[in-house]
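Novice: A structural model of the following input is requested.
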Amino acid sequence: MAWPEGTGVPKRRELLFGTRLVPCYSERPATIDAMFRDAVARRPDGEALVDGERRYSYAQLDALVTRAAAALMARGVAPGERMALVLSNRAEFLIALLAAARAGIVAVPISAREQRPGIVGILNDCGASILVHDAALADRMPATEEVPSLALRLSVGGAVEGCRPFEDLLESDAALPEKAEAQGEEDTTVILYTSGTTGKPKGALLAHVNIIHSAMHLEECWDYREGERAVLAVPASHVTGLVAVVMSMIRVAGCTVMMPAFDVADFLELASRERMTTTVLVPAMYNLCLLRADFSRYDLSSWRIGGFGGAPMPEATVEAMAERLPDLHLLNAYGSTECATIISVVPIGHTRACLDSVGMRVPCGDLRIIDEQGRECPPGVSGEVWIRGPMTIRGYWNRDDATRDSFVDGYWRSGDIGALDVQGYLRLYDRKNDVINRGGHKVYSVEVENLLVRHADVVEAAVVAHPDPVLGEKIHVFVISKSGSLTEEEVRDFCRANLADYKVPDYVTLLGDALPRNANGKVTKRVLRDRVTAA
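Specialist: Predicted coordinates for the structure are as follows:
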């Protein structure tokens with residue numbers, strides 16, 4: 001099904017990456033820098049960035065980006081070199097990112113929560129020549145001999161031995177060369193390393209055309225308008241923060257309001273003070289807002305779009321948010337690093353009608369459901385979700401093997417199991433590797449998880465396979481209780497009343513703390529599986 005008509009955004013089929021004929025926006029900027037320059041020209045005095053007490057107009061941000069880019073080029077940094085950013089949500093992240101785009105340098109954002117071994121591994125894998133990091137994270141940065149490719153280290157927010165202050169770039173009087181090497185829209189501009197929940201992280205090659213189409217998808221699907229204001233409460237180093245928030249704001253000459261770390265009271269106060277119109281959060285953040293805040297204390301009348309993804313949103317949460325903020329549209333989105341964030345989204349006004357869906361494909365996207373024999377599934381039949389479009393990456397950095405395994409005819413094989421209905425709405429059931437085979441019965445862990453979060457005393461739940469010598473696998477659920485008084489039998493009784501008997505958990509573990517998550521905020525089921533096998 002085509003995206004609901006009425007936006008009038010022109011599209012046409014174009015050949016990308018040499019072999020992919022896909023629908024594209026026919027009128028689009030060629031590069032990230034061109035998109036930023038367009039925003040500067042449209043709203044030079046408009047607010048582009050807020051970081052605490054620091055505020056930058058588009059003209060001011062543009063001047064800083066030019067200085068930083070010129071300083072890097074004056075130091076001999078060549079187009080195509082990699083610059084790693086280990087930075088929290090702060091102004092310098094965006095300045096460095098846009099300076100890299102202007103100089104033709106490839107930015108490699110790394111989570112500020114990543115530990116030293118992971119940072120060393122990524123820096124060596126991508127061959128980074130520049131490292132920009134928070135001074136507070138200096139103890140996690142590699143020694144000189146650990147990453148021989150590093151030629152320049154820059155610290156932000158304090159002096160660090162062996163580093164030059166990032167501020168030096170912003171005070172440089174170097175000028176941009178008159179004839180800089182031109183960037184093409186298919187050139188890589190960002191490398192984002194996948195979270196590595198199932199193995200060694202891979203560097204996804206995000207081209208300008210990928211990021212620009214995702215930003216334009218959000219603009220079209222969520223009716224973004226010039227001058228939107230978004231609070232960045234998720235990490236800027238993750239594809240959601242980087243593209244769904246930061247880049248989509250640049251696309252509409254809007255403002256990104258930096259939030260270093262999520263806290264309910266701080267978030268709502270910031271949203272109120274800065275007249276936030278949109279943001280993207282994970283469902284747990286909305287739940288925490290409902291649990292811990294008195295909404296009447298804040299003026300959130302400007303908040304129009306509330307995106308979410310990565311986990312199901314309990315119906316009770318949707319209803320409670322609607323009661324407190326009747327003008328807010330809560331919109332589910334399904335995305336991935338390999339598709340430069342969004343793949344499918346729920347149209348405005350359709351949330352209640354498709355609570356169990358992650359929406360329909362984005363306007364320039366192509367979704368297929370493929371079975372194990374490589375055949376396309378009819379509506380309602382589940383299989384692996386394959387995705388193609390201008391937002392889908394070319395492949396992985398120096399991983400031809402992984403690229404061959406993950407891409408077929410330009411389609412990215414997501415590893416997610418789902419089905420499309422006759423209207424084109426996508427429903428996800430599980431990760432391909434997370435399907436539990438209980439004595440021949442396939443159990444989608446997400447189905448059990450979706451049910452449990454509807455329980456009044458459940459904050460979150462995660463289901464993994466529990467090895468069994470007779471059935472092969474049994475069902476093991478880990479649950480976080482709101483009250484702390486929930487019992488294992490109450491969990492099973494709730495499941496018995498709502499699920500087939502073979503889907504009822506065999507093992508229930510009640511945790512007193514949050515579920516384990518990786519640096520990008522995803523539940524790391526590998527940790528839970530290890531806990532099961534070690535028991």
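Novice: output the below-cut-off pLDDT ranges for the stretch 301-450 of the chain.
Specialist: Scanning the stretch 301-450 of the chain for pLDDT under 70 picks out 310-312, 440.
Novice: ah, wrong one, I meant the chain
Specialist: In the chain, residues with pLDDT under 70: 1-7, 180, 195-199, 310-312, 440, 519-521.
Novice: ok, longest helix in it?
Specialist: helix 58-74 (DSSP state H).
Novice: list the buried residues in that one.
Specialist: Within helix 58-74, the residues scored as buried using 16 or more other C-beta atoms under 10 Å are 58, 60-62, 64-73. From N, CA and C alone the C-beta is placed, and that goes for glycine too.
Novice: and that helix, what other elements does it pack with?
Specialist: In this structure, helix 58-74 makes packing contacts with helix 32-42, strand 47-51, helix 91-103, helix 167-170, judged by 3 or more C-beta pairs under 8 Å, 6 or more residues apart in numbering; DSSP states H and E.
Novice: highest mean neighbour count out of these?
Specialist: Ranked by mean neighbour count under mean count of other C-beta atoms under 10 Å, those are led by helix 91-103, which reaches a mean of 26.
Novice: that helix: how far from the chain's middle?
Specialist: 19 Å (C-alpha atoms, centre = their mean, to the nearest Å).
Novice: next: stretch 105-115.
Specialist: Relative to where its chain is centred, stretch 105-115 has its mean C-alpha point 14 Å off (C-alpha atoms, centre = their mean).
Novice: report the backbone C-alpha coordinates of that stretch in PDB.
Specialist: This file holds the C-alpha atoms of stretch 105-115, laid out as PDB (Å, rounded to 0.1, in the frame of the first residue of the first chain):
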ATOM      1  CA  ILE A 105      35.700  13.500   6.500                       C
ATOM      2  CA  VAL A 106      33.800  10.400   7.600                       C
ATOM      3  CA  ALA A 107      32.400  10.800  11.100                       C
ATOM      4  CA  VAL A 108      32.400   7.700  13.300                       C
ATOM      5  CA  PRO A 109      30.100   8.300  16.400                       C
ATOM      6  CA  ILE A 110      30.800   6.000  19.300                       C
ATOM      7  CA  SER A 111      28.600   5.700  22.300                       C
ATOM      8  CA  ALA A 112      29.900   7.600  25.400                       C
ATOM      9  CA  ARG A 113      28.900   4.500  27.400                       C
ATOM     10  CA  GLU A 114      31.300   2.300  25.400                       C
ATOM     11  CA  GLN A 115      34.200   0.900  27.400                       C
END
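Novice: so what's residue 473 up against?
Specialist: Residue 473 is in contact with 436-438, 465-467, counting by C-beta atoms under 8 Å, 6 or more residues apart in numbering.
Novice: may I have the phi/psi pair for it?
Specialist: The phi/psi pair for residue 473 (degrees, to the nearest 10) reads phi -140, psi 140.
Novice: for it, which non-adjacent residue is closest in space?
Specialist: residue 465 (4.2 Å; C-beta to C-beta, 6 or more residues apart in numbering).
Novice: between the contacts of residue 473, which sits nearest residue 511?
Specialist: Minimum distance to residue 511 across these is 15.7 Å, recorded for residue 466 (C-beta to C-beta).
Novice: got a list of contacts for the host helix or strand of the closest one?
Specialist: Element membership of residue 466 [criterion: DSSP states H and E] is strand 458-468. Strand 458-468 is touched from outside by 284, 287, 311, 434, 436-437, 445-446, 448-449, 452-453, 473-482, 486, 491, 505-507, 514-515, 523, 525, 528-529, 532-533, with contacts defined as C-beta under 8 Å, 6+ apart.
Novice: from these, list the buried ones, please.
Specialist: 284, 287, 311, 434, 436, 445-446, 448-449, 452-453, 473-481, 486, 491, 505, 507, 515, 523, 525, 528-529, 532.
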